[in-house]
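>>> Sequence first, predicted coordinates after that:
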Amino acid sequence: MLVIGEKINGMFKNIREAIQTKNKSIVQDIAKKQLEGGANVLDVNVGPASAKQLDDMQWLVETVREITAIPLAIDTTKPDVMEMGLRLAGPGCFLNSTTGEEEKLNAFLPIAKKYNSKVIALTIDKSGIPAHAEGRLEIAANIVAKAMEYGIEASDLYIDAVILPVNVAQQHSPAVLETIKQCKMLCDPAPKAILGLSNVSQGTNCRALIDRTFLVMALTCGLDAAICNPMDKDLMDAMITAELLLGKNIYCDSFLDARRRH
Ligand code: THG
């Protein structure tokens with residue numbers, strides 16, 4: 001599974017303050033820790049408080065690029081901020097994200113094509129997030145068709161069924177699992193499935209337990225990628241063990257260490 005580190009996000013106080021005071025070492029330290037924890041990609045989001053999103057995204061991407069060439073997921077709802085982030089981050093990065101709304105797809109898909117980016121697409125349309133898998137899959141099918149029109153392969157498309165906090169939207173988690181399973185049947189080669197995992201536990205009392213349990217369940221349904229906290233060793237151990245038990249890695253007694261080394 002592809003691990004996208006979630007921690008470079010202005011939603012977190014330390015990053016918000018680092019952006020305001022232009023403190024590079026705080027950002028670079030979090031980037032390094034996520035890489036050490038096993039991140040394959042780093043999410044970069046200036047956060048909702050940013051008044052100068054273009055400037056802040058430029059500073060964040062350049063700051064991360066000083067220490068690593070790993071792919072970044074440029075996390076913004078604004079097309080101009082997205083374009084600048086992807087241009088500075090270089091090819092092979094992730095556009096995070098478009099929704100299934102017509103205007104969003106028409107704005108974001110050409111940017112993804114221009115910068116040869118993979119596309120994360122949320123199963124949201126003008127009516128919001130459907131409560132059931134059927135509605136989410138209908139949006140996903142439309143996204144896949146639209147991506148093909150723009151010359152983007154389904155295998156470069158990451159369908160995000162949008163998990164909501166379990167304490168306010170409990171009925172959504174089985175719908176998300178069903179969407180992950182069924183979106184693989186939309187076409188061949190299939191789109192990939194991704195989640196912003198930590199959303200599921202927001203506002204609850206046992207976040208880490210809920211996150212790692214849901215991650216294992218989603219992996220069983222075919223999850224390919226998660227935006228999550230790679231510094232949570234228990235989460236990463238659960239992911240590695242689930243992949244072992246799904247037959248994705250050959251067993252050896254040191255399977256945790258062996259997986260971490262590659
Ligand atoms: N899908 C996609 N992208 C996403 C999300 C998604 N990007 C943003 C988010 N969701 C994933 N990243 C986070 C980052 C932080 C938290 C949750 C998801 C989080 N933050 C603390 C909180 O709200 O309690 C912040 C407080 C703090 O600790 O400082 O939990 O779904 N494609």
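Received, thanks. In this text, all values refer to a predicted model and were calculated from it rather than measured experimentally.
>>> What count of nearby residues applies to residue 105?
Using other CB atoms under 10 Å, residue 105 is surrounded by 21 other residues. The way it works is simple: take the backbone N, C-alpha and C, and place the C-beta from them, glycine included.
>>> Near the ligand, which residues of the stretch 1-150 of the chain? Just list them.
With CB under 6 Å from any ligand atom as the criterion, the stretch 1-150 of the chain comes near the ligand at residues 6, 9, 11-13, 45, 75, 96-97, 120.
>>> would you list those in TSV and tack on pLDDT?
As requested, these are exported to TSV (pLDDT from 0 to 100):
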residue	pLDDT
6	98
9	98
11	97
12	98
13	98
45	98
75	98
96	98
97	98
120	99
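>>> From these, which land in strands?
6, 9, 45, 75, 96-97, 120 (DSSP state E).
>>> from those residues, which two are the most distant?
9 and 120 (14.6 Å; CB to CB).
>>> Pick out whichever of these two has more residues nearby.
residue 120 (26 against 20).
>>> Which residues are in contact with the more buried one?
Residues counted as contacts of residue 120 (CB atoms under 8 Å, 6 or more residues apart in numbering) are 73, 94-98, 158, 160, 194.
>>> run the last query once more with 6 Å
Residues near residue 120 by CB atoms under 6 Å, 6 or more residues apart in numbering: 94, 96-97, 158, 160, 194.
>>> okay if I get the ones in strands among the residues of the stretch 1-150 of the chain next to the ligand as JSON lines plus distance to residue 173?
Converted to JSON lines, these look like this (distance: CB to CB, whole Å):
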{"residue": "6", "distance to residue 173": "19"}
{"residue": "9", "distance to residue 173": "22"}
{"residue": "45", "distance to residue 173": "23"}
{"residue": "75", "distance to residue 173": "22"}
{"residue": "96", "distance to residue 173": "21"}
{"residue": "97", "distance to residue 173": "20"}
{"residue": "120", "distance to residue 173": "20"}
